[in-house]
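In: Just a sequence and a predicted model for now, questions to come.
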Amino acid sequence: MKTITYVFIASLMLLSCKQKSDEKRMEQAEVEETATVETTKKAKESEWKVLFDGSSLDAWHVFNADEGTAGGWTIEEDVLIFTPGDESGDLVTNEDYSNFILSVDWKISEGGNSGIFWGVQEGEEYKTAYQTGPEIQVLDNERHPDAKAGKTHQAGALYDMVAPSKDDAVNPAGEWNTCVIKVDHNTNQGSVTLNGTVVAEFPVHGEEWGKMVENSKFKGWDGFGTSKSGKIGLQDHRNKVYFRNIKIKEIK
């Protein structure tokens, strides 16, 4: 009888040890999985380059001016604010970009108008960023007359070329919008995502792009939308506008 009892106790001890070992292995696996997820997350985050973090304009300058010039662009409480003035101008990045995903938060003043450019070229022959850089529209759709000129002039549009597919994706003046712009010459694909909704898709070069330009106000503009590399720009349209959390991920 004692022998049976000893065997039973020994079996329980072995079972208990096995359970503890299994639990330890599971805990270790969970730790390793968490570490892997965190590593992957950090790696993905590191692919983004911050262009404006709320503290400086080191990555920017006024169009056709020296690096470090800010004109009417100021920083208040981590927000980049444009206030119209005599020494204003479009703001452009110091570096050129070709294929990228750009994420920008914007907020427009009542009745306001602005825009986000890519492919901007500088030079004495150009006075503003929009002469060469295609524009994603930033607008108060309810109050600015440009919204009545047609949907290709409304917020989220590829200005004067591709209208936003949804009218209700944009938040009204005074509220923040998150705009994600993708430009990929490798696949000849561009898109605009506004507050989580894809509102516009378009080619970024080639025959179809050329036809879009020909059918727009930019027909015959020397240099417009022809460069596969250029600066990112924020528009001085003589209206107050706010930007924050500007970052870019280059596509290889």
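Out: Thanks, I have it.
In: Give the bridge partners for the spatially closest residue to Tyr159 that is not a sequence neighbour, please.
Out: Excluding the flanking residues, the one nearest Tyr159 by Cβ to Cβ, 6 or more residues apart in numbering is Glu135, at 4.1 Å. C-beta: built from backbone N, CA, C; applies to glycine. Beta-bridge partners recorded for Glu135 (DSSP bridges): Phe117.
In: Need the residue closest to the centroid of this structure.
Out: Nearest residue to the geometric centre of the chain (Cα atoms, centre = their mean): Ser103, 1.4 Å.
In: how about that residue, phi and psi?
Out: Here is the backbone geometry of Ser103 (degrees, to the nearest 10): phi -120, psi 130.
In: Model confidence score at it, please.
Out: pLDDT for Ser103: 98.
In: for Gly68, same thing?
Out: Looking at Gly68, its pLDDT reads 86.
In: give the contact list for it.
Out: By Cβ atoms under 8 Å, 6 or more residues apart in numbering, the contact list for Gly68 reads 57-58, 61.
In: neighbour-wise, which of these leads?
Out: Using other Cβ atoms under 10 Å as the neighbour criterion, His61 leads the contacts of Gly68 with 22 neighbours.
In: In this model Leu91 seems to touch that residue, though I could be wrong.
Out: Yes. The pair formed by His61 and Leu91 meets the contact definition of Cβ atoms under 8 Å, at 7.3 Å.
In: joint contacts of those two?
Out: Counting by Cβ under 8 Å, 6+ apart, the common neighbours of His61 and Leu91 are Ala70.
In: Now the closest residue to Ser56 other than its chain neighbours: which helix or strand?
Out: Distance criterion Cβ to Cβ, 6+ apart; nearest residue to Ser56, sequence neighbours excluded, is Ile75 at 7.5 Å. Take DSSP states H and E as the rule and Ile75 turns out to sit in strand 73-76.
In: for that strand, which positions count as buried?
Out: Trp73 (16 or more other Cβ atoms under 10 Å).
In: Convert the C-alpha atoms of that strand to CSV, please.
Out: Taking C-alpha atoms only, strand 73-76 is exported to CSV below (Å, rounded to 0.1, in the frame of the first residue of the first chain):
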residue,chain,number,x,y,z
TRP,A,73,5.5,80.7,-40.9
THR,A,74,5.7,80.4,-37.1
ILE,A,75,5.4,77.6,-34.5
GLU,A,76,3.0,77.9,-31.7
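In: and that strand, what other elements does it pack with?
Out: In terms of contacts (3 or more Cβ pairs under 8 Å, 6 or more residues apart in numbering; DSSP states H and E), strand 73-76 is packed against strand 79-82.
In: if I look at Gly225, how far off is Lys182?
Out: To Lys182, Gly225 is 16 Å away according to Cβ to Cβ, to the nearest Å.
In: more crowded one of the two?
Out: Between Gly225 and Lys182, counted using other Cβ under 10 Å, Gly225 has the larger neighbour count: 23 against 20.
In: Assign Val213 to helix, strand or coil.
Out: Put simply, Val213 is helix when judged by DSSP: H, G, I helix; E, B strand; the rest coil.
In: In contact with the nearest residue to it once chain neighbours are set aside, which residues?
Out: Closest residue to Val213 apart from its sequence neighbours, by Cβ to Cβ, 6+ apart: Gly225 at 5.6 Å. By Cβ under 8 Å, 6+ apart, Gly225 lies in contact with 119, 132-134, 209, 213, 218.
In: ditto for Ala200
Out: Residues in contact with Ala200 (Cβ under 8 Å, 6+ apart) are 136, 156-158, 162-165, 191-192.
In: Which of those ranks first by neighbour count?
Out: Taking other Cβ under 10 Å as the neighbour criterion, Gly156 ranks highest of the contacts of Ala200 with 28 neighbours.
In: Chain neighbours aside, what residue packs nearest to that residue?
Out: Nearest residue to Gly156, sequence neighbours excluded (Cβ to Cβ, 6+ apart): Pro164, at 3.9 Å.
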